[in-house]
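Chemist: can't give you the sequence, but here's the structure:
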């Protein structure tokens, strides 16, 4: 039987932009809903259980930053994929969004087709459960199960966003190999990424916070990128 269409919640208070995004997503077969405020978004997330959120930062009542915080600190929604859509183009705002757990960041004005490409790329990361080559990885007490989209450390599950999961998977697939920021961006984000390479640094930092065993295991290679130590540290 065919898979049910993915549900996407568009949180945007500008009607023209919301309808434009809705039009392009539905042309690609996605089901969409629109929330025009942070309060409405949180209600719809709870009642409709969307598969992905496109979230504007500048919203009435509760802004996108607070919405993102609430999503990431609520167990039922902690893994909900989030693409931030905003007029704020400064790098500092990008970093704040990523620090809060956003999986991607798109600035206005934007190409609707490019936004759809990013949505598809994010879903591909979530749906990579049919890789016949290898279904699990381990690093000391850390175990990654691709078929279950699950990471555990000493048997305890660690909650990761789609991009964090993808980044960790890529590092585990290439232990001891230096991976440049550009390589990681293209591999994990799934398209030609034109944003700041600090995106990778933010996600690496978040991985180390969530999984302390990686603090010394993920090594920064000056002016290049990162590598996962091939010396397993059993902590």
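Modeler: The structure has been received and is ready for your questions. Quick caveat, the model's predicted, so the values are computed rather than measured.

Chemist: Only C-alpha atoms from now on, for both contacts and neighbour counts.
Modeler: Noted.

Chemist: Would you enumerate the residues in contact with residue 114?
Modeler: Residues near residue 114 by C-alpha atoms under 8 Å, 6 or more residues apart in numbering: none.

Chemist: now it: how far from residue 121?
Modeler: 10 Å (C-alpha to C-alpha, to the nearest Å).

Chemist: got it, and residue 113?
Modeler: Per C-alpha to C-alpha, residue 113 is found 12 Å from residue 121.

Chemist: what about those two, which has more around it?
Modeler: More neighbours surround residue 121 than the other of residue 113 and residue 121, with 16 against 12 (other C-alpha atoms under 10 Å).

Chemist: What strand or helix carries that one?
Modeler: Element membership for residue 121 (DSSP states H and E) is helix 112-126.

Chemist: Please point out which parts of that helix sit buried.
Modeler: 112, 115-116, 118-123, 125-126 (16 or more other C-alpha atoms under 10 Å).

Chemist: Could you export the residues you listed as CSV, including pLDDT and distance to residue 146?
Modeler: CSV is the format used below for the buried residues of helix 112-126 (pLDDT from 0 to 100; distance: C-alpha to C-alpha, whole Å):
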residue, pLDDT, distance to residue 146
112, 93, 31
115, 94, 26
116, 94, 25
118, 90, 21
119, 93, 20
120, 91, 19
121, 83, 17
122, 85, 15
123, 86, 14
125, 69, 10
126, 67, 10
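
Chemist: Break this structure down into its structural domains.
Modeler: 7-126, 136-228 (automatic domain parsing).

Chemist: any idea how far the residue sitting nearest the centre point of the chain is from residue 174?
Modeler: Computing the C-alpha centroid of the chain and ranking residues by C-alpha atoms, centre = their mean puts residue 103 first, at 2.5 Å. Distance, residue 103 to residue 174, using C-alpha to C-alpha: 22 Å.

Chemist: same thing with residue 80?
Modeler: According to C-alpha to C-alpha, residue 80 stands 27 Å off from residue 174.
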